[in-house]
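> coords below, sequence missing:
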């Protein structure tokens, strides 16, 4: 790999920090979201849970969007900058190429989720929706979790992003260059 400039180092650090914040926040948000269901089944709501208890989970889920989605956006912009900065070395650094492919392949899923999260946050914080079975909560929270296609893409996206961490740490597919 060529000499990395100070600008590239700064952008790389920004990416790593905000990617980590987003990935950790996404895991926490998933735990919060699935707390409204019985542990044995995703289709069964928690028994004897009042509207306030259910809405508290939705409220926390929406509140955590305040730092996870902006962190993803910063990581996305940083990744775009790094893609253009490192495009000349992608042929020799397979791990970097695969990291970019995985990140941008599932970025549409994350941007769509962010859009739904913003709509949910608007309903809760600006429109003061506090009824779990209201239309905004059903459309932007519950259907998203119960929809098999959406939740499958979310799971695949999370696994792809964990794979990016593995690729960054172990750097497989690295072409060894002889300096003779």
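Everything's here; your move. These figures come from a predicted structure and were not determined experimentally. Residues are numbered from 1 along each chain as shown.

> With adjacent residues omitted, what lies nearest to residue 49?
Using Cβ to Cβ, 6 or more residues apart in numbering and skipping residues adjacent in sequence, the residue nearest residue 49 is residue 36, 7.3 Å away. C-beta: built from backbone N, CA, C; applies to glycine.

> count of residues packed around the one you found?
Neighbours of residue 36 under the rule other Cβ atoms under 10 Å: 21.

> And it, what's its pLDDT?
Note for residue 36: predicted pLDDT of 92.

> ok, it touching residue 56?
No - between residue 36 and residue 56 there is no contact under Cβ atoms under 8 Å: 9.6 Å.

> tell me what the helix or strand of the chain with the lowest mean pLDDT is packed against?
Least confident helix or strand, the chain: helix 143-146 with a mean of 88, by mean pLDDT, DSSP states H and E. Packing contacts for helix 143-146, counted by 3 or more Cβ pairs under 8 Å, 6 or more residues apart in numbering; DSSP states H and E, involve helix 148-170.

> mind listing what's buried in the helix it packs on?
Residues of helix 148-170 classed as buried: 150, 153-154, 157-158, 160-161, 164, 167 (neighbour count, 16 or more other Cβ atoms under 10 Å).

> Ok, stretch 69-78 next?
69, 71-72, 74-76, 78.

> Looking at the buried residues of helix 148-170, spot the one nearest residue 11.
Nearest to residue 11 out of those is residue 164 (Cβ to Cβ; 15.9 Å).

> nearest residue to residue 110 other than its sequence neighbours?
Spatial nearest neighbour of residue 110, excluding adjacent residues (Cβ to Cβ, 6+ apart): residue 72 at 5.7 Å.

> Let me fix that, I meant to ask about residue 65.
Excluding its sequence neighbours, the residue lying closest to residue 65 (Cβ to Cβ, 6+ apart) is residue 117, at 4.3 Å.

> again with residue 172
The shortest distance from residue 172 to any non-neighbouring residue, by Cβ to Cβ, 6+ apart, is to residue 95 (5.5 Å).

> Counting by contacts, list what the helix or strand hosting residue 32 packs against.
Residue 32 belongs to helix 6-33 when assigned by DSSP states H and E. Packing partners of helix 6-33 (3+ Cβ pairs under 8 Å, 6+ apart): helix 51-63, helix 65-85, helix 148-170.

> Let me know which of the ones you listed is the nearest to residue 21.
Among these, the nearest to residue 21 by Cβ to Cβ is helix 65-85 (4.1 Å).

> distance between stretch 117-131 and the chain's centre?
20 Å (Cα atoms, centre = their mean, to the nearest Å).

> Mind listing what's buried along it?
Residues 117, 120-121, 123-124, 129 are the ones in stretch 117-131 that count as buried (16+ other Cβ under 10 Å).

> on that earlier part again, between the helices and strands packed on helix 6-33, which one is closest to residue 112.
Of these, nearest to residue 112 by Cβ to Cβ is helix 148-170, at 8.4 Å.
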